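[1] Sequence plus the predicted model coming up.
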Amino acid sequence: MKQFFSFIKKEFYHIWRDRRTMFILLGMPLAQIIIFGFALTNEVKNESIAILDQSKDAASSQIINKISASRYFNVTALLHNPDEIARTFQTNTARIVLVLPSTFGEDLRHVNKAQVQLVTDASDPNIATTLINYATAIITDYQQSLNSTAVIPYQINVQSRMLYNPQLKGAYSFVPGVMAMVLMLICTMMTAITIVREKETGTMEVMLVSPVQPMKIVMAKAIPYLLLTVVNITNILLLSVFVLDVPINGSLILLTGESILFTITCLSFGLLISSVTDSQQTAMMISMMGLFLPTVMLSGFMFPIENMPLALRIVSNVVPSRWYYEIVVAVMIKGLGISSILKQTLVLSGMTVLLLSLAIKNFKIRLE
Amino acid sequence: MANDIIIQTEQLTKRFGDFIAVDHISFDVHKGEIFGFLGANGAGKTTAMRMLCGLSLPTSGKATIAGFDIYKKTEAIKRSIGYMSQKFSLYEDLTVKENIRFYAGIYGMSNKYIKDKTALLLQQLHLEDEADKLVGSLPLGWKQKLAFSVAIFHEPQIVFLDEPTGGVDPVTRREFWNLIYEASAKGITVFVTTHYMDEAEYCNRVSIMVDGRIDALDTPVALKENFSAASMDEVFLQLARKATRNDS
Ligand SMILES: Nc1ncnc2c1ncn2[C@@H]1O[C@H](COP(=O)(O)OP(=O)(O)O)[C@@H](O)[C@H]1O
Ligand SMILES: [Mg+2]
């Protein structure tokens, strides 16, 4: 065991002393998240808004005034019937429409409770969410100003509808996507490269001549990358919650557990690659072509799997990151529990066992 | 004298496809000997040595190392040998001390023992001031001497050296051979490949490999006599003229 720790320590020296690589490994995930974060926090200013006022009374005009008075929105169109909403989006007249239903004023007066609807063009889902947040804030503001003088509190419910992209595909897919990419890159590629480097330099031979079990050395190589990955995942999650406002809706423990499972899948993949190649260059190429690209293209994070041609849909089944991506979306974004991701978890576990046994079987005690 | 044989091979052969890299070689090495394993580039020296170290499986033939069969007792052999590969095999991004520590740790030596012995070794190599420097920053000759010392740190019965002085200047080569003599004086058997013929003179016995076969094996003095040559260089040239293989 003491021997094992000294191996791990040595791996940390390797990582620590190659500062450039270390900074890339730690910085790249942060950079990706932050760049995306900037794209996300579009400041809303003088955004065009169209209004469909079917109520046409005191209350509805007060809301409209409030909105046009705010520095966030400009009322650019007054619509007359719901059919016009889609055209508003198609002609880029506005990206958001406020619908005040015909019963709005009456409901508010008689039952102190009314509904409004916000419809957005969600083809750019980030902007759509931001717009809804701003408009909702103004309406809530109005509701509070009513309540300051009222006996019975008023309540205005805001219903929002995202046209074109009701599930908000793309908006929140970035964080799970980056997680899958980072794990794949660090665990698979770096593990493969660090083992193959020892073959290239000849240090592996010296170890194979010694009584130490080679598997022990290889395992010791994986552990620092496992830790590095934990740091990265923590960073990504912190940034995503506090900078991007992408919350963790499900269980953090479940998310962590699944991430560790996927990390082990990736490490096994790295081991397997290192056992079939003798040069760092080849190891890097295999990692890039064989894993990184499929992760980007076929995991569903750039292009939805259901829109792919049948052949690619079939291929995507053997891409481990596809399953991990689905897990993260389910747990982190949709807030679902373990029961809804059993299939994905089983598939990943199966892949891990298969990859690991292949890697161990292939690992040569004797170099030919 | 048969019981002082520490390496024995019989018809040891290695094929790569149709190509016979090592062609039925048979020889004995005695305990405590400095055995020179000579041959031109591509003669098959490295391939033969790798079979003896357990890095490569022979195609046919027999061999025992320290009395252990190379097919069956690989674990026991590993504990009895040290190995310095043809490639430089220390970690350039670790310090001198860390390298020693790591390789000694592989052989499961205690911390206390490693510490004491490291201090002694650094003193012998005059590397005390470099102990905490990265190995990558040392001159090649120092690296090679360090690599050799690391290879015998666990005091093996036999040490295999594959072209340990390749690319090193003549003065450092002399110093390196002094280290080999010291190890030999401690009873470690030295099995060394080289293509520098002047180094052959430093060996107790030498074998000369041509195209995968051992064409001559004797003491340097006897070889020079047999081939009526003034130097080992001449002996080698006479044998090498027959060679058909040319790797370099
Ligand atoms: N893994 C291998 N596959 C095929 N041929 C090999 C392999 N290893 C060595 N050889 C060939 O075997 C011959 C002997 O090589 P080697 O033992 O390295 O020679 P030396 O160490 O004497 O220079 C060379 O011709 C080399 O090309
Ligand atoms: Mg060689």
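    Perfect, thanks for sending it. Ligands and ions are numbered 1, 2, ... in the order given.

[2] who's in contact with residue A:54?
    A:99-102, A:104 (CB atoms under 8 Å, 6 or more residues apart in numbering or on different chains). C-beta: built from backbone N, CA, C; applies to glycine.

[3] give me that answer again for 7 Å
    Residues in contact with residue A:54, defined by CB atoms under 7 Å, 6 or more residues apart in numbering or on different chains, are A:100-102.

[4] For chain B, give me the ranges with low pLDDT.
    B:1-3, B:246-248 (pLDDT under 70).

[5] Next to chain A, which bits of it? Give me the list.
    B:53-57, B:75, B:78-79, B:81, B:83, B:85, B:87-89, B:91, B:93-94, B:98, B:102, B:105-108 (CB under 7 Å from any CB of the partner chain).

[6] Residues of chain B that sit close to ligand 2?
    Residues of chain B found near ligand 2 (CB under 5 Å from the ion) are B:46, B:86.

[7] List phi and psi for the most centrally placed residue in chain B.
    With distances taken as CA atoms, centre = their mean, chain B has residue B:161 as the residue nearest its mean C-alpha position (1.9 Å). Dihedral angles phi and psi of residue B:161 (degrees, to the nearest 10) take the values phi -120, psi 120.

[8] So it versus chain A, what's the distance?
    Computed as CB to the nearest CB, to the nearest Å, the residue B:161 to chain A distance reads 12 Å.

[9] Show me the beta-bridge partners of that residue.
    Beta-bridge pairing for residue B:161 (DSSP bridges): residue B:84, residue B:192.

[10] if we can go back for a sec, can I get the contacts of residue A:54 in CSV with pLDDT and secondary structure?
    Listed next are these as CSV, based on pLDDT from 0 to 100; DSSP: H, G, I helix; E, B strand; the rest coil:
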residue, pLDDT, secondary structure
A:100, 91, strand
A:101, 91, coil
A:102, 90, coil
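
[11] For PyMOL, write the select line for the buried members of those.
    A single PyMOL command is used to select the members of these judged buried by 16 or more other CB atoms under 10 Å in any protein chain shown:
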select buried, chain A and resi 100+101
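
[12] Got phi/psi on the residue nearest to residue B:240 when sequence neighbours are not counted?
    Computed as CB to CB, 6 or more residues apart in numbering or on different chains, the closest residue to residue B:240 that is not its neighbour in sequence is residue B:40, at 5.7 Å. Backbone torsions of residue B:40, given as degrees, to the nearest 10, read phi -70, psi 170.

[13] Enumerate every residue touching residue B:40.
    Here residue B:40 is in contact with B:195, B:240, B:243 (CB under 7 Å, 6+ apart).

[14] now the strands for chain B?
    B:5-16, B:19-30, B:34-39, B:60-65, B:68-69, B:81-84, B:158-162, B:189-194, B:205-210, B:213-218 (DSSP state E).

[15] What subset of the contacts of residue B:40 is buried?
    The buried subset of those (16+ other CB under 10 Å) comprises B:195, B:240.

[16] Next, count neighbours for residue 227.
    If you meant another chain, say so; for now it's chain A. 13 (other CB atoms under 10 Å in any protein chain shown).

[17] my bad, the chain I had in mind was chain B
    Neighbours around residue B:227, by other CB under 10 Å: 17.

[18] ok, now how distant is it from chain A?
    Relative to chain A, residue B:227 is positioned 35 Å away (criterion: CB to the nearest CB).

[19] got the phi/psi numbers for that residue?
    phi -90, psi 10.

[20] Spatially nearest residue to it, not counting backbone neighbours?
    Leaving aside its sequence neighbours, residue B:227 sits nearest to residue B:235 (CB to CB, 6+ apart; 4.6 Å).

[21] if I pick that neighbour, what's in contact with it?
    Taking CB under 7 Å, 6+ apart as the test, what residue B:235 contacts is B:223-224, B:227, B:229.

[22] just residue B:214 next, same as before
    Counting by CB under 7 Å, 6+ apart, residue B:214 has contacts B:25, B:27, B:207.

[23] distance of it from residue B:24?
    The spacing between residue B:214 and residue B:24, counted by CB to CB, to the nearest Å, is 9 Å.

[24] again with residue B:140
    Counting by CB to CB - residue B:140 and residue B:24 are separated by 36 Å.
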